[in-house]
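A.B. asks: here is a sequence together with a model predicted from it:
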Amino acid sequence: MRTALYARVSSDKQDVDLSISAQLKALRAYAARNGHIVVKEFVDQAESGRTAYRPQFREMISLAKRAEKPFELVLVYKYSRFARSREDFIVYKALLKKSKVQLISITEPLDDRAMGRLMQAIIECIDEFYSENLGEEVTRGMRESASRGFYLSCNPPYGYRKVRVNDSGKQRTKLEVNEFQSRVVASIFNQVINGKGLIEITRDLNSRGIAGPKGKGWSKTSLHKMLGNEVYAGDIVWGRNSKRGLPPIKVENACAAIVSRETFRQAQSLLEQRSFRRIHPRRTSSQYILNGLVHCEQCGKALIGTEAKGGKLSYYVCGTLIRKGAGSCPSRYYNAAKLENLVINKIREHILTPENMKELAELICEEFNNSFKEYRTEIDSIDQQLMVITRRLDRLYDVIETGNLSIEDISPRVRELRERHEKLQARKEELHLLMDEQTTDPPTQEEMTECVADLRKSLERGSLAEKKAFIRSFVKDIRMNGEEGKLTYTVPMPPQGLQDETESVLAIVHHGGRYRI
């Protein structure tokens, strides 16, 4: 039979008889003894059997599902090499069987009779128990190491390097400050506290050719992630995303701090103030399109859409009035339809005109141009790094040619430089693609007129969700104070540069202890 061999190890500490070479040797010998033709070998190095997301395993299953499959039999050393999860084992063995591909363990020969199926189920359960128990033991050991301040992640955070320390005869990892990178980190925190934006800091770092955490250029995302890492205040947090639902472990003063705790807290506070507001789910599902935007100037509470007379009348009412009753706030009841129409008309008047939209489009184009410049700056930085790597490789090649060192001595360094060169080159190509996609020419007047017509139609005839999204794109806040309403736009409206606008709103007034339209 045409046969595929599958071998897997979970780590480099496997017993010798379970090593990849040992498994393949035994599998080839079994195939030869039984007259099978080995057409392909699949090997997963250091991949867990508790998951099916193994590159070679998935390729093997994919080939087995094809109409013109290259093999009819899969040989494994043990069933635990195929899968440790009972669910995965059952699913993928059934899939192979459906595709008319047989699965055989050369050390656990079983048949398809009742006793054979029972024995197979027992073996699967034992393998799964072993895997789960081993996982729990590993997790327990890692949590113990983390609680003692040792660093367990693969890559150190920017600003630090990993150092090996002796712990009762075992080598463990601690973090040590990287002098140059730590100065960059401290500078970034200070710039944030002094009011600089992340995009501005990103441009400055890239313009100076300072390599980012992954050896590439800096981005707003990488900066934001770095600024939220408590390690820079000396605290290590491990296990935030525990698959077993365990709480994370936080160890204070586990490593040398690059910034003070007060500096870290100030930076977090400023980033929170600048972040986009989160909208409560009830606001997005409400039939009132201004829910979440309109607030009472008197007490600061949100105005909530509500109905009266069995749904015949709709109002926006201060939340304080709804909760505490009459007299708790001097705010008024505002007719929902009139207030919503007022806001929509103001958007038509100040936003949906060809002239205003054209100027807004030019502002957007300017932003694209700024992004273009950022990409260009990062490419220049990458070119400089590529030149440095090329010079280093040339020097290493010269050393080999002169015979001062053998290629075996410096091959690890050559491989490292080549990998870095390839990553930088890939990032450069990605940036060129992004630059090619940028559109920098502002639209014509005719294009903007057509666009405005479409937007007006969307505002008038669009769904409730579309109207909400449209209004929130341009209106930041609405403050109601008696007979006046103050609209604050998200951006100054050209050409007047209008940011805030106050309008008379007299939908409902006090009258004899009641409200009337």
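C.D. replies: Nice, thanks for sending it over.
A.B. asks: so Arg172, which of the three states?
C.D. replies: What DSSP: H, G, I helix; E, B strand; the rest coil gives for Arg172 is strand.
A.B. asks: any idea what it is bridged to?
C.D. replies: Per DSSP bridges, the residues bridged to Arg172 are Val165.
A.B. asks: let me see the contact set for Gln287.
C.D. replies: Applying CB atoms under 8 Å, 6 or more residues apart in numbering, we find Gln287 in contact with Gly305, Leu464. Quick note: C-beta positions are derived from backbone N, CA and C, even for glycine.
A.B. asks: whoops, I mixed them up, Gln266
C.D. replies: By CB under 8 Å, 6+ apart, the residues touching Gln266 are Ile193.
A.B. asks: now the helix or strand that it is a member of: average pLDDT?
C.D. replies: Counting by DSSP states H and E, the element that carries Gln266 is helix 261-274. Helix 261-274 carries an average pLDDT of 84.
A.B. asks: what's Ile389 sitting at in phi/psi?
C.D. replies: As for Ile389, its main-chain torsions (degrees, to the nearest 10) stand at phi -60, psi -40.
A.B. asks: and Ala7, by the same measure?
C.D. replies: phi -130, psi 150.
A.B. asks: dig out what it forms beta bridges with.
C.D. replies: Val43.
A.B. asks: next, count neighbours for it.
C.D. replies: Counted by other CB atoms under 10 Å, the residues lying close to Ala7 total 24.
A.B. asks: so Lys476 belongs to a strand, correct?
C.D. replies: Yes. Using three-state DSSP, the assignment for Lys476 is a strand.
A.B. asks: what's near enough to touch it?
C.D. replies: By CB under 8 Å, 6+ apart, the residues touching Lys476 are Leu293, Thr488, Tyr489, Thr490.
A.B. asks: what's around the last one, how many residues?
C.D. replies: So the one you mean is Thr490. When neighbours are counted by other CB under 10 Å, Thr490 registers 12.
A.B. asks: and if you look at the first one?
C.D. replies: Leu293 is flanked by 22 other residues according to other CB under 10 Å.
A.B. asks: repeat that for Leu96.
C.D. replies: Leu96: 21 neighbours (other CB under 10 Å).
A.B. asks: can you tell me how far it is from Arg2?
C.D. replies: Distance, Leu96 to Arg2, using CB to CB, to the nearest Å: 14 Å.
A.B. asks: cool, and Ile37?
C.D. replies: Distance of Ile37 to Arg2, computed by CB to CB: 5 Å.
A.B. asks: what pLDDT does the residue most central in space within the chain get?
C.D. replies: Centroid-nearest residue in the chain, with CA atoms, centre = their mean: Thr221, separated by 9.3 Å. On the pLDDT scale, Thr221 is placed at 82.
A.B. asks: now Lys170
C.D. replies: Looking at Lys170, the pLDDT reads 79.
A.B. asks: and it, how far from Cys154?
C.D. replies: Per CB to CB, Lys170 is found 18 Å from Cys154.
A.B. asks: tell me what the closest residue to Ser153 other than its chain neighbours is bridged to.
C.D. replies: Leaving out its chain neighbours, the residue that sits closest to Ser153 by CB to CB, 6 or more residues apart in numbering is Trp238, at 7.6 Å. Trp238 has these beta-bridge partners by DSSP bridges: Ile249.
A.B. asks: can you give me the buried ones in stretch 169-178?
C.D. replies: By 16 or more other CB atoms under 10 Å, the buried positions in stretch 169-178 come out as Arg172, Thr173, Lys174, Leu175, Asn178.
A.B. asks: my read is that Leu386 contacts Lys423, right?
C.D. replies: No. In this structure, Leu386 is not within contact of Lys423 by CB atoms under 8 Å, at 10.5 Å.
A.B. asks: do a quick rundown of the strands in the stretch 1-150 of the chain.
C.D. replies: 2-8, 37-44, 73-76, 102-105 (DSSP state E, counting those that start in this stretch).
A.B. asks: now do the first one, average pLDDT.
C.D. replies: Which is strand 2-8. pLDDT averaged over strand 2-8 gives 93.
A.B. asks: show me the shaky parts of the stretch 251-400 of the chain.
C.D. replies: 273-286, 309-311, 351, 353-372 (pLDDT under 70).
A.B. asks: okay, now the unreliable bits of the stretch 101-250 of the chain?
C.D. replies: Where the stretch 101-250 of the chain drops to pLDDT under 70, the residues are 109-139, 241-245.
A.B. asks: about what we covered before: in the helix holding Gln266, what's buried?
C.D. replies: So, applying 16+ other CB under 10 Å, buried residues of helix 261-274: Thr263, Phe264, Ala267, Leu270.
A.B. asks: nearest to Gly197 among these?
C.D. replies: Using CB to CB, Leu270 is the member of these that lies nearest Gly197, at 10.1 Å.
A.B. asks: quick check, the closest one in contact with Gln191.
C.D. replies: No. With contact defined as CB under 8 Å, Leu270 does not count as touching Gln191 (10.8 Å).
A.B. asks: how far off centre is the helix or strand where Val163 lies?
C.D. replies: Remark: Val163 resides in strand 160-167, with elements defined by DSSP H and E. Computed by CA atoms, centre = their mean, to the nearest Å, the chain-centroid distance of strand 160-167 equals 29 Å.
A.B. asks: quick one: residues in contact with that strand.
C.D. replies: Contact with strand 160-167 is made by 150-151, 156, 171-178, 181-182, 231, 255, as judged by CB under 8 Å, 6+ apart.
A.B. asks: how about that strand: buried residues?
C.D. replies: Of the residues in strand 160-167, Tyr160 count as buried by neighbour count, 16+ other CB under 10 Å.
A.B. asks: how many neighbours does the closest residue to Met60 other than its chain neighbours have?
C.D. replies: Excluding its sequence neighbours, the residue lying closest to Met60 (CB to CB, 6+ apart) is Phe42, at 4.6 Å. By other CB under 10 Å, the residues close to Phe42 number 20.
A.B. asks: give the full set of residues in contact with Phe42.
C.D. replies: Residues in contact with Phe42 (CB under 8 Å, 6+ apart) are Ala4, Leu5, Tyr6, Ala7, Gln56, Phe57, Glu59, Met60.
A.B. asks: contact partners for the fifth one?
C.D. replies: Going by CB under 8 Å, 6+ apart, Gln56 touches Tyr6, Phe42, Val43, Asp44, Glu47.
A.B. asks: against Lys25, how distant is the closest residue to the first one other than its chain neighbours?
C.D. replies: It refers to Tyr6. Nearest in space to Tyr6, with sequence neighbours left out and distances taken as CB to CB, 6+ apart, is Phe42 at 4.8 Å. Phe42 is 16 Å from Lys25, where distance means CB to CB.
A.B. asks: the domain parsing of this protein - what is it?
C.D. replies: 2-138, 160-274, 281-353+449-516, 370-440 (automatic domain parsing).
A.B. asks: quick check, pLDDT for the residue nearest to Tyr6.
C.D. replies: As predicted, Phe42 sits at a pLDDT of 93.
A.B. asks: ok, Leu63 next?
C.D. replies: Confidence at Leu63, expressed as pLDDT, is 90.
A.B. asks: and it, how many neighbours?
C.D. replies: Neighbours around Leu63, by other CB under 10 Å: 18.
A.B. asks: contacts only, for it.
C.D. replies: Neighbours of Leu63 in contact, by CB under 8 Å, 6+ apart: Ala4, Lys40, Lys69, Pro70, Phe71.
A.B. asks: of the residues you listed, which pair is most distant in space?
C.D. replies: Greatest spacing in those, by CB to CB: Lys40 and Lys69 (10.7 Å).
A.B. asks: what about Pro213, which helix or strand?
C.D. replies: Under DSSP H and E, no helix or strand contains Pro213.
A.B. asks: let me see the contact set for it.
C.D. replies: By CB under 8 Å, 6+ apart, the contact list for Pro213 reads Pro157, Tyr158, Ser222, Met226.
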